[in-house]
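Enquirer: turn this into a structure:
(chains A and B)
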Amino acid sequence: MKSWNNKAWFLVLPVLLLVAFSAIIPLMTVVNYSVQDSFGNNEFYWVGLEWFKEVLESERFHNALMRNLLFSAIILLIEIPLGIAVALAMPRRGWGVSVCLVLMALPLLIPWNVVGTIWQVFARVDIGLLGYSLTQLGFDYNYTQDVVDAWVTLVIMDVWHWTSLVVLLCYSGLVSIPQAYYQAARIDGASRWAVFRYIQLPKMRRVLVIAVLLRFMDSFMIYTEPFVVTGGGPGNSTTFLSIDLVQMAIGQFDLGPAAAMSLIYFLIILVVSWVFYTVMTQQDAEPSSGRGQSS
Amino acid sequence: MDLSWMAWTTPTAIFFAVILCLILSMCVWEWISPGGQPRRGILRFETTRGDRLFVTLLGSAFINLAWLGLVGTNLWWALAVCAVYGILVFIFV
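Expert: Numbering: from 1, shown residues only, chains lettered A, B, ... in the order given. Sure, this is the predicted structure:
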């Protein structure tokens, strides 16, 4: 017989209200906007699903989406292994722990627009340390004119800014592993790789789920840094979905198409995050918990 | 309270009312016939009834988007496909 604790509903109520005001009501408004056209003055005209069709068939949307997916894939492929490697190399005791943790936390404390400004100046070929040095070394580097240079700059900037998050999450997973595991591995004569593969990596799985999810969602929604550094250029080569969306909604005041695009954007993030979460959390679920006779 | 800034229309109001009814009907279903424990279906991962509703709604959104992009703006047949998809999810997933 189930026992119901109805008091719990009152405890959940503030969160429900907060979510309603911060997420559900804005989402409802975006859905309403996505099926109408507006010319200002709070006047709307019904257009049905035209904006969705227009966005789905738009090459501009396809290109921005591909750029976003490519950027997220590159970011995950670099930041996750690098974060694990740095976390493994960090000391576990002594004064070095505090120093490393503070150093790792520093990039995370810098606001996004400041990160963008730092890298915009840092990468300039005339006055920036990076850009000027590369030019002096004979590299033909100019992120304002060359597509590859712009991408490399954005990727390195994101790696610099956000690998620390992965490091801190992995480090928290590593320090929570009981010493008994390492002692057993030592007795068995396990190699360094075997300890990583069969002890450290499985024990880090939960924090890695969080790291992958956070980094995917963040990189897929990236806006401020590329906007400040490249402004979406050269051409449209670094115009990601978020930049395109803002240009459409605020620059062109096309609220209807922008709302339709943001809903599609939201659905893509939702499904990819759900797939990541499900795949990674189900790996360590028991094969048969004997609980299933529901319908 | 003036809600004109939300630009409500009858179809979108019906859409959200249907979502709300689905969630409420899940609550009633669970109350009448408790059975929301996780189970393993053909996708080989554990799902509760709530998970299956989420998969149904998310999948339906993509079915409609695919229909819109590939076929046209008349979504009645897409809605029928979604209904079949939802039934299959609740039976097999």
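Enquirer: so does the lowest-mean-pLDDT helix or strand in chain A get close to chain B?
Expert: Least confident helix or strand, chain A: helix A:7-19 with a mean of 86, by mean pLDDT, DSSP states H and E. No. Using Cβ under 8 Å from any Cβ of the partner chain, helix A:7-19 never reaches chain B; the gap is at least 11.5 Å. For every residue, glycine as well, the C-beta is placed using N, CA and C.
Enquirer: hey, C-alpha coordinates of that helix in CSV?
Expert: The C-alpha atoms that make up helix A:7-19 are tabulated as CSV, following Å, rounded to 0.1, in the frame of the first residue of the first chain:
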residue,chain,number,x,y,z
LYS,A,7,2.8,18.0,2.4
ALA,A,8,5.5,17.5,-0.2
TRP,A,9,3.3,19.3,-2.8
PHE,A,10,3.5,22.5,-0.7
LEU,A,11,7.3,22.2,-0.7
VAL,A,12,7.3,21.7,-4.5
LEU,A,13,4.9,24.6,-5.1
PRO,A,14,7.5,27.5,-5.0
VAL,A,15,9.7,25.7,-7.5
LEU,A,16,6.7,25.1,-9.8
LEU,A,17,5.8,28.8,-9.6
LEU,A,18,9.4,29.8,-10.3
VAL,A,19,9.6,27.4,-13.3
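Enquirer: helices or strands up against that helix?
Expert: Of the remaining helices and strands, none touches helix A:7-19 by 3 or more Cβ pairs under 8 Å, 6 or more residues apart in numbering or on different chains; DSSP states H and E.
Enquirer: what is the subsequent helix or strand relative to that helix?
Expert: Using DSSP states H and E, the next helix or strand after helix A:7-19 towards the C-terminus is helix A:25-34.
Enquirer: give me the contacts around that next one.
Expert: A:44, A:51-52, A:255-256, A:258-260, A:262-263, A:266, B:5-9, B:12, B:15-16 (Cβ atoms under 8 Å, 6 or more residues apart in numbering or on different chains).
Enquirer: that one - what's its average pLDDT?
Expert: Averaging pLDDT along helix A:25-34 gives 93.
Enquirer: what's the following helix or strand after it?
Expert: strand A:36-38.
Enquirer: residue ranges for the helices of chain B, please.
Expert: For chain B, the helices defined by DSSP state H occupy B:10-32, B:49-70, B:76-92.
Enquirer: from the stretch 1-150 of chain A, which residue is nearest to chain B?
Expert: A:Leu56 (4.0 Å; Cβ to the nearest Cβ).
Enquirer: surely that residue meets A:Ile264?
Expert: Yes. A:Leu56 lies in contact with A:Ile264 (Cβ atoms under 8 Å); the separation is 7.3 Å.
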